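**Student:** structure for the following, please:
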Amino acid sequence: MSNNFMNSNLLQSIDKSVLIAFNDKMIMLPGQLVYRVDEDIHNVTDSAIRDIMSFTGTIIISMNSVLPYNGGGLVRLKKTDVVPRLKASGVRVFVETFSNEFVTQPLDLFSDSTVEIDFLVQRAKIDGIITDFPATTARYKKMGLFRTGELLPFANPMLLSPAQAPYPLLVKSDVMESPLPEVRSKQPPPSYAASKAVAKALHGKCL
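**Tutor:** Numbering: from 1, shown residues only. Next up, the predicted model:
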């Protein structure tokens, strides 16, 4: 998201020799040469950083090198140390490739392209992005950054819904209840023989 590269031509290559040749022949300025790593990485050694800085000051790495997926490809894992190590040495870091289309949902980024950009810019502190949807990036750059609640004063009170009635207060009468009824033992049901005798007696009277 750096403005240092606006309206300038950059040359990216995965071949160190190509960038050195352009630099030696002064076809392009050193600041316009960008080294692109064509594989996902989880870290970078000090010797590799020194070698990169000998012919360029800008590098392109994949998004998975910054924020890898888990084995199932559903959730982004904890960000790596690749960007902090490169930036600590003065290397500018670009990340590719941002997209508005999610084949698998990175659930911790809400499958939202703007949230994805903001996380990489604000948390990973990358210097630039390579995207298939430049309009999304342009919209993000125009967005103002506000803290939670800072936009509330701009809301029109006349457009708000009527205030909701307060919830009732819990008072002692809500808790008080009548005592439980006295427990009484029930008469045992008549046995089968007694029931049969009663039924026979009643039948005899009917005759």
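**Student:** CA atoms only: put the longest strand along the chain into PDB for me.
**Tutor:** Identified as the longest strand of the chain according to DSSP state E is strand 92-98. What follows is strand 92-98 as a C-alpha-only set of coordinates in PDB (Å, rounded to 0.1, in the frame of the first residue of the first chain):
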ATOM      1  CA  ARG A  92      10.000  -3.900   0.900                       C
ATOM      2  CA  VAL A  93       7.500  -6.800   0.800                       C
ATOM      3  CA  PHE A  94       4.700  -7.200  -1.700                       C
ATOM      4  CA  VAL A  95       2.200 -10.100  -1.400                       C
ATOM      5  CA  GLU A  96       0.300 -11.900  -4.100                       C
ATOM      6  CA  THR A  97      -2.400 -12.700  -5.200                       C
ATOM      7  CA  PHE A  98      -5.400 -11.000  -3.600                       C
END
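**Student:** give me the contact list for it.
**Tutor:** 2, 34, 57-63, 65-66, 82-83, 86-87, 113, 116-117, 120, 124, 126-133, 136-137 (C-beta atoms under 8 Å, 6 or more residues apart in numbering). C-betas here are computed from N, CA, C, even on glycine.
**Student:** Val37 and Leu86, how far apart?
**Tutor:** Note on Val37: its distance to Leu86, by C-beta to C-beta, to the nearest Å, is 10 Å.
**Student:** ok, Asn64 next?
**Tutor:** 15 Å.
**Student:** list the residues that contact the spatially most central residue of the chain.
**Tutor:** With distances taken as C-alpha atoms, centre = their mean, Leu109 lies nearest the centre of the chain, 2.1 Å away. Leu109 is in contact with Arg76, Val115, Glu116, Phe119, counting by C-beta under 8 Å, 6+ apart.
**Student:** can you put these in TSV and add secondary structure?
**Tutor:** Shown next, in TSV, are those (DSSP: H, G, I helix; E, B strand; the rest coil):
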residue	secondary structure
Arg76	strand
Val115	helix
Glu116	helix
Phe119	helix
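**Student:** identify the farthest-apart pair in the residues you listed.
**Tutor:** Within the contacts of Leu109, two members stand farthest from each other by C-beta to C-beta: Arg76 and Val115, at 11.2 Å.
**Student:** just the buried residues of the contacts of strand 92-98.
**Tutor:** With neighbours counted by 16 or more other C-beta atoms under 10 Å, these contain buried members at 34, 58-63, 65-66, 82-83, 86, 113, 116-117, 120, 124, 126-131, 136-137.
**Student:** mind checking which of Arg76 and Val115 has more residues around it?
**Tutor:** Neighbour count, other C-beta atoms under 10 Å: between Arg76 and Val115, Arg76 has more, with 19 against 14.
**Student:** hmm, that one is touching Pro68, no?
**Tutor:** Yes: because the distance of 7.2 Å satisfies C-beta atoms under 8 Å, Arg76 is recorded as touching Pro68.
**Student:** quick one: pLDDT of Lys196?
**Tutor:** Lys196 is assigned a predicted lDDT (pLDDT) of 66.
**Student:** same deal with Pro106?
**Tutor:** For Pro106, the model assigns a pLDDT of 52.
**Student:** repeat for Phe146
**Tutor:** 66.
**Student:** coming back round to it: can you list the buried residues in the longest strand of the chain?
**Tutor:** Arg92, Val93, Phe94, Val95, Glu96, Phe98.
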